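**Q** coordinates only, sequence not included:
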Ligand code: SAH
């Protein structure tokens, strides 16, 4: 055997012919053979023959091929993806080949390799699976004998099995981690129960066997869904979050997620609170990561429930990394983030035509140090700024933004307990914002939105931020008096 294989003169490719036309010129047995071959594809066929044989005419009628009778004309090739010259007449085949080449269409001339741009292989058809055997015209009989051997090797149901596999791909990618787990699943799919059921004849049984195989694999592995619980109102939960909660074996949730949302989970699911309310971290992030890995490692379906959207100030990045490192499959389900809920409560347009076209999600906790964070520059250029976890640093946020050049009369909207019945709306300007920090009447989570777009909000249900400071001052005066 040579160390390096000899080079091919013809390189095999699979050409798309669905919704395209293939022209065969010829009226006898060669033309019929090509027509039979091509009828295994979805190409539409045009057969051009001066005097078609009765068999060829029959074939055309039965297979819905277009039959053009009369002397060959170059115009009958126009628009074709491929042309076959099978007239049996050397001069005519040469003419057809030249015409096709002039039109830029690849051509095959039966038994005349010098006139061919491509050769047709012997086919083992298990659509969408196909084995094509070519010998560059050197040994057609060899190609046929190889074809016969491969025909025997491949089950007639292989194509249906491949089609079924295509339908399962999305679910497999969702439920099984990349790499060994998926490869083993597909190996079992093509060699195990699904393949056997397909062979015995029932697509439905094969589908059921594949679903069972997938669920068994997924269950053995465990799976974590990082799910956004929304801002608090149960009916702002997504339908997908609801379904996953109903399927969960364990629900690992933050302190901000209300009891009513957790209660929507499967009744006998384990419920594991993991903090973190401000000031009392019941578990460190590393402990939470370990908990998720260990629950999934026991084969459990875990819902990691986070307030709002899991990818917004939710430390989901670290949890996903830990799951990837441990080879555990996971998915992310978005939720309504607090900024959106607060804006909805305030009827506040976050983007406003002609006023602001960008938006910043930020936290006041990156204001330490000398350099101004980038978001402050964005605020000055007119972006709407949503400040998460901003209550205890309200004075700092206001001072920094003012020092950076944001007008102190820029509008500010504050929502406590957005989306909940207990919500409170406050409005004011950047100059009023520091008062937020001193208030002891705000026990719930607070969202602050700053920017010119805030001026478009509905202020009929909100209290002025300034009145609290003023109220406190007059209360003190009364006490002193
Ligand atoms: N992943 C969450 C944010 C977590 S950080 C989300 O996408 O919403 C926690 C901060 O979110 C709180 O300090 C508060 O600023 C904000 N927040 C969460 N729920 C809120 C609510 N119902 N009303 C107002 N702010 C809320």
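**A** Thanks, I have it. Keep in mind that what you see is a predicted model, and the values were worked out from it rather than measured.
**Q** what pLDDT does residue 473 get?
**A** If you check residue 473, the pLDDT there is 54.
**Q** number of nearby residues for the residue in the chain that the ligand sits nearest to?
**A** Going by C-beta to the nearest ligand atom, the ligand is nearest to residue 308 of the chain, at 1.9 Å. (C-beta placed from N, C-alpha, C; glycine too.) When neighbours are counted by other C-beta atoms under 10 Å, residue 308 registers 30.
**Q** Residue 417 now?
**A** Neighbour tally, residue 417, other C-beta under 10 Å: 23.
**Q** what's the answer for residue 161, then?
**A** Neighbours around residue 161, by other C-beta under 10 Å: 21.
**Q** Surely it touches residue 193?
**A** No - look at residue 161 against residue 193 with C-beta atoms under 8 Å: they stay out of range, at 11.5 Å.
**Q** what does the protein put close to the ligand?
**A** Contacts of the chain with the ligand, taken as C-beta under 6 Å from any ligand atom, map to 231-232, 256, 306-309, 312-314, 337-338, 341-342, 388-389, 415, 417-419, 445-447.
**Q** and if we set it to 8 Å?
**A** For the chain, the residues in contact with the ligand (C-beta under 8 Å from any ligand atom) are 228, 231-232, 254, 256, 278, 306-314, 335-339, 341-342, 363, 387-391, 415-420, 423, 444-448.
**Q** Restricted to buried residues, select those in PyMOL.
**A** In PyMOL, this line selects whichever of the residues of the chain next to the ligand come out buried by 16 or more other C-beta atoms under 10 Å:
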select buried, resi 228+231+232+254+256+306+307+308+309+310+311+312+313+314+335+336+337+338+339+341+342+363+387+388+389+390+391+415+416+417+418+419+420+423+445+446+447+448
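**Q** so of the residues of the chain next to the ligand, which ones are in strands?
**A** In this view, the residues of the chain next to the ligand that belong to strands under DSSP state E are 228, 306, 363, 387-388, 415-416, 446-448.
**Q** Would you convert those residues into a markdown table that also reports pLDDT?
**A** A markdown table is the format used below for those (pLDDT from 0 to 100):
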| residue | pLDDT |
| --- | --- |
| 228 | 97 |
| 306 | 96 |
| 363 | 87 |
| 387 | 94 |
| 388 | 94 |
| 415 | 98 |
| 416 | 97 |
| 446 | 96 |
| 447 | 97 |
| 448 | 97 |
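**Q** of those, closest to residue 41?
**A** residue 228 (46.9 Å; C-beta to C-beta).
**Q** which residues does the closest one contact?
**A** The contact partners of residue 228, by C-beta atoms under 8 Å, 6 or more residues apart in numbering, come to 238, 241, 306-310, 333-337.
**Q** same deal with residue 84?
**A** Residues near residue 84 by C-beta under 8 Å, 6+ apart: 22-26, 31, 34, 38, 107-110.
**Q** and if we set it to 7 Å?
**A** Contacts here follow C-beta atoms under 7 Å, 6 or more residues apart in numbering; on that basis residue 84 touches 24-25, 34, 108.
**Q** and it, helix, strand or coil?
**A** strand (DSSP: H, G, I helix; E, B strand; the rest coil).
**Q** and the gap between it and residue 457?
**A** 71 Å (C-beta to C-beta, to the nearest Å).
**Q** Do you know the pLDDT at residue 169?
**A** Looking at residue 169, the pLDDT reads 95.
**Q** Surely residue 14 is within a strand?
**A** No - Residue 14: not assigned to a strand; according to three-state DSSP it is coil.
**Q** Please, which helix or strand holds the nearest residue to it once chain neighbours are set aside?
**A** Closest residue to residue 14 apart from its sequence neighbours, by C-beta to C-beta, 6 or more residues apart in numbering: residue 130 at 7.0 Å. Using DSSP states H and E, residue 130 sits in strand 129-133.
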